[in-house]
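Engineer: sequence first, predicted coordinates after that:
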Amino acid sequence: MSEKPKILLDRQTLTVKAVINEIEVSNSGRLVCKLRGVSIIPVQVKIEPLKIKENLVRKSPENQIDIQNKLFEENYYVNVLDYSLGEISFAANFICQKWAVHIWNLLNDDNPEKKQAQITLTTEAIKKQVLKENPNLFKSLSDIDDFCIYHKISVDDFVVPAKFSQLEIELEAISARLGSEIFFFRKKLFAELFIQKIDSKLFTFEKSEKKAINSTNKVIYQKWKSEILNEIQAVQKYIKSPFIFEDFEQFFNYDSIEDFVPIDELAQDLVSETFYWIDDFPKVKDRFTRAVELYNAKSDFIDCVNNLRLTLEILVKNILKNDKNLENQLREIGKYQESLGIGVEIRNTFNKVLDYYNKYQNKRVKHDTDINSEHEVEFIFGLTMIFIRMLIKPNNELNRK
């Protein structure tokens, strides 16, 4: 019997918020006093997936057949980089179907109260909180114990416990599994396929069978669905490049959409697109990779900028099939762009900016002048990537992917 598909998880956590509330303490119907107790409110269920970045696997002649056979046995490995579209779709279908059946059983539950979990503070935590909030009544933890014994109440009476639905937990588990996917494309495919399966069941149940889903469960699902689709929309807005990315760092440079700060990173979609254009030029790719590494390390901006110049210079030599340095290529680049149908105004603009680019390199790099601003380096990165795109993309022979 084949092993069922599974995506391992690191750990599961429930974040709760404690709020102070006034509690009336009575004994035999007689008000004794008012105390400040605590209520526990669930804020977020979070399941953190395994970090698989350091364990990425590519198909090779040695392992390809084994990986394929495992997939057909319904074992899908999220750390395999180059599954085909068909293989990912195959895996997504059987995994999402399994998820859908499970979630539907929770969603279509007439009595969700049975599927609720409860969380309270420990006895010691409750007493410490009560002591902190009621310094005029209690001087020590033992005072609280004596108070409870005398008035025949429990420490738990100071707490309003939190309740949360098992459906919430299971949907967050699916979120974590989606987050464990390496590439955004896979996450998008899995998420939309799963949502489509659940929405289809909802449509059939409500429209065709004329039945009603428990309203609380439906709200939980729709809230989760909205969050997932909004996240996908936000990432799609951020990732504008339509290309297959070689630079999978793009998908690991932020923990969440909310926490990502664009000014702290290079424009990753442009970096990824540049890797796409220079893929057929190994020496160019090596220099550009080195420039990216130096920038990310913030270790040597001069060497970083120099590697950007070499990236562009080696590329131009390859395209124009000569051995001239970058400064002496302006006229040749103009002729090359003219042959591609680029208008004179754009050719002149390109050459003028490239001329300033060369002058900056000569002054800062060749004379070993310090570069203290990473914003300067980021600007040179941007120019280099635009130059590369303009040199390769209009050329149908080079742009054949």
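Structural biologist: Right, received. Where do you want to start?
Engineer: how about the helices in the chain?
Structural biologist: Applying DSSP state H to the chain gives helices spanning 64-72, 85-107, 123-133, 141-151, 166-179, 184-203, 215-238, 268-277, 282-297, 301-320, 330-339, 344-361, 374-392.
Engineer: which stretch among the ones you listed comes nearest S39?
Structural biologist: With respect to S39, and counting by C-beta to C-beta, the nearest of these is helix 123-133 at 10.8 Å. (Glycine included, C-beta is placed from N, CA and C.)
Engineer: run the chain-centre distance for stretch 135-147.
Structural biologist: 48 Å (C-alpha atoms, centre = their mean, to the nearest Å).
Engineer: typed the wrong thing, it's stretch 178-193
Structural biologist: 10 Å.
Engineer: any idea of the mean pLDDT for that stretch?
Structural biologist: Model confidence over stretch 178-193, given as mean pLDDT, is 84.
Engineer: related to what we said a few turns ago, the helices of the chain: which one's closest to E209?
Structural biologist: Ranking the helices of the chain by their distance to E209 (criterion: C-beta to C-beta) puts helix 184-203 first, at 10.0 Å.
Engineer: C-alpha coordinates for that closest one, PDB please?
Structural biologist: This file holds the C-alpha atoms of helix 184-203, laid out as PDB (Å, rounded to 0.1, in the frame of the first residue of the first chain):
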ATOM      1  CA  PHE A 184       4.800  31.300  -5.800                       C
ATOM      2  CA  PHE A 185       3.300  29.700  -8.900                       C
ATOM      3  CA  ARG A 186       2.800  26.400  -7.100                       C
ATOM      4  CA  LYS A 187       1.300  28.100  -4.100                       C
ATOM      5  CA  LYS A 188      -1.100  30.000  -6.400                       C
ATOM      6  CA  LEU A 189      -2.100  26.800  -8.200                       C
ATOM      7  CA  PHE A 190      -2.600  24.800  -5.000                       C
ATOM      8  CA  ALA A 191      -4.600  27.600  -3.300                       C
ATOM      9  CA  GLU A 192      -6.900  28.300  -6.300                       C
ATOM     10  CA  LEU A 193      -7.500  24.600  -7.000                       C
ATOM     11  CA  PHE A 194      -8.400  23.900  -3.400                       C
ATOM     12  CA  ILE A 195     -10.700  27.000  -3.200                       C
ATOM     13  CA  GLN A 196     -12.400  26.000  -6.400                       C
ATOM     14  CA  LYS A 197     -13.100  22.500  -5.000                       C
ATOM     15  CA  ILE A 198     -14.700  23.900  -1.800                       C
ATOM     16  CA  ASP A 199     -16.600  26.600  -3.700                       C
ATOM     17  CA  SER A 200     -18.000  24.000  -6.000                       C
ATOM     18  CA  LYS A 201     -19.200  21.900  -3.100                       C
ATOM     19  CA  LEU A 202     -20.800  25.000  -1.500                       C
ATOM     20  CA  PHE A 203     -22.500  25.900  -4.800                       C
END
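Engineer: contacts for it, please.
Structural biologist: Around helix 184-203, the neighbours that count as contacts under C-beta atoms under 8 Å, 6 or more residues apart in numbering are 88-89, 92-93, 95-97, 99-100, 103-104, 107, 174, 177-179, 181, 213, 218, 221, 225, 228-229, 232, 235-236, 239, 251.
Engineer: so among the residues you listed, which ones count as buried?
Structural biologist: Buried members of the contacts of helix 184-203, counted by 16 or more other C-beta atoms under 10 Å: 88, 92, 95-96, 99-100, 103-104, 107, 174, 177-178, 181, 213, 218, 221, 225, 228, 232, 235, 239, 251.
Engineer: give the contact list for V43.
Structural biologist: Applying C-beta under 8 Å, 6+ apart, the residues contacting V43 are T15, V16, K17.
Engineer: top of those by neighbour count?
Structural biologist: Neighbour tally across these (other C-beta atoms under 10 Å): the maximum, 17 neighbours, falls on V16.
Engineer: rewinding a little: next step: the contacts of V43 restricted to strands.
Structural biologist: Applying DSSP state E to those, the entries found in strands are T15, V16, K17.
Engineer: now for the second one: which residues touch it?
Structural biologist: Read it as V16. Neighbouring residues of V16 by C-beta under 8 Å, 6+ apart: I40, I41, P42, V43, I119, A162.
Engineer: going by distance to I302, which of those wins?
Structural biologist: V43 (47.6 Å).
Engineer: and the closest one, how far from R36?
Structural biologist: Going from V43 to R36 by C-beta to C-beta, to the nearest Å gives 21 Å.
Engineer: now swap in Y221 and tell me
Structural biologist: 36 Å.
Engineer: got it, and E73?
Structural biologist: According to C-beta to C-beta, E73 and R36 sit 58 Å apart.
Engineer: same check on D157?
Structural biologist: On the measure of C-beta to C-beta, D157 and R36 end up 13 Å apart.
Engineer: any residues in contact with both of the two?
Structural biologist: I23.
Engineer: for F350, give me its contacts.
Structural biologist: I333, Q337, I342, F387, M390.
Engineer: counting neighbours, which of the residues you listed end up buried?
Structural biologist: Counted by 16+ other C-beta under 10 Å, these give I333, Q337, F387, M390 as buried.
Engineer: does the second one really touch E345, like I thought?
Structural biologist: No: distance between Q337 and E345: 11.4 Å, which falls outside the contact criterion (C-beta atoms under 8 Å).
Engineer: the contacts of V16 in strands, which ones?
Structural biologist: Per DSSP E, these map to strands at I40, I41, P42, V43, I119, A162.
Engineer: mind checking pLDDT for the last one?
Structural biologist: Taken from the predicted model, the pLDDT recorded for A162 is 78.
Engineer: and the fourth one, by the same measure?
Structural biologist: Reading off the per-residue confidence, V43 sits at a pLDDT of 70.
Engineer: separation between it and E172?
Structural biologist: Per C-beta to C-beta, V43 is found 12 Å from E172.
Engineer: try the third one
Structural biologist: As for P42, its distance to E172 is 11 Å (criterion: C-beta to C-beta).
Engineer: can you check the second one too?
Structural biologist: As judged by C-beta to C-beta, I41 and E172 stand 16 Å apart.
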